[in-house]
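# coordinates only, sequence not included:
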């Protein structure tokens, strides 16, 4: 898989990365269906973890070395900004620290799973 992605021109790799980030933002702003049962670690937390795991994993395929770490830090800040924007601009949505914690967990899992070394 890594070889296939690395065969793509860098501009295409960066464009795909931008599109993934755009999809993450859109997913943050849609209103999910109401769920009657509320748990601390509900399905939304797992979705946060999986989304950021996938983006962080992708970054390990596109970037190398120090740039992976920089993109990881960017993703942590990006997740925080998305939570803030969600609270400010989407009616009925709030900033949730646990969402951000699961964003960070997904980022770290993705980076540790798919990079040879950080």
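On my side now, so go ahead. Everything numeric in this text was worked out from a predicted model, so none of it was measured.

# wait, what's in contact with the residue nearest the centre of the chain?
The chain has residue 52 as the residue nearest its centroid, 2.6 Å off, counting by Cα atoms, centre = their mean. Going by Cβ atoms under 8 Å, 6 or more residues apart in numbering, residue 52 touches 24, 75, 79, 102, 103, 104, 105, 106, 107, 110. Where C-beta positions appear, they are placed from N, C-alpha and C, glycine not excepted.

# Apply 10 Å and report the result again.
24, 72, 75-76, 78-79, 100, 102-110 (Cβ atoms under 10 Å, 6 or more residues apart in numbering).

# where does the chain dip in pLDDT?
Confidence mapping of the chain against pLDDT under 70 gives the ranges 32-41, 116-118.

# right, and residue 62 touches residue 115 too?
No - with contact defined as Cβ atoms under 10 Å, residue 62 does not count as touching residue 115 (11.4 Å).

# all helices in this protein, in order from the N-terminus.
Listed in chain order, the helices of the chain (DSSP state H) span 2-7, 10-29, 43-62, 66-89, 97-114.

# quick revisit: scan the contacts of residue 52 and report the most crowded one.
The most crowded member of these, judged by other Cβ atoms under 10 Å, is residue 103 (27 neighbours).

# can you tell me which of the contacts of residue 52 lies nearest to residue 6?
residue 110 (17.7 Å; Cβ to Cβ).

# thinking that closest one is in contact with residue 20, fair?
No - in this structure, residue 110 is not within contact of residue 20 by Cβ under 10 Å, at 11.9 Å.

# any common contacting residues for those two?
Common neighbours of residue 110 and residue 20 (Cβ under 10 Å, 6+ apart) are 54, 55, 58, 59.

# Any quick PyMOL command for the buried ones out of those?
Remark: buried members of the shared contacts of residue 110 and residue 20, expressed as a PyMOL selection using 16 or more other Cβ atoms under 10 Å:
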select buried, resi 55+58+59
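
# out of the shared contacts of residue 110 and residue 20, who's nearest residue 7?
Closest to residue 7, out of all of the shared contacts of residue 110 and residue 20 and judged by Cβ to Cβ, is residue 58, at 15.3 Å.

# how many other residues sit next to the closest residue to the closest one other than its chain neighbours?
Counting by Cβ to Cβ, 6 or more residues apart in numbering, the nearest residue to residue 58 once its immediate chain neighbours are dropped is residue 20, at 6.1 Å. Close neighbours of residue 20, defined as other Cβ under 10 Å, add up to 16.
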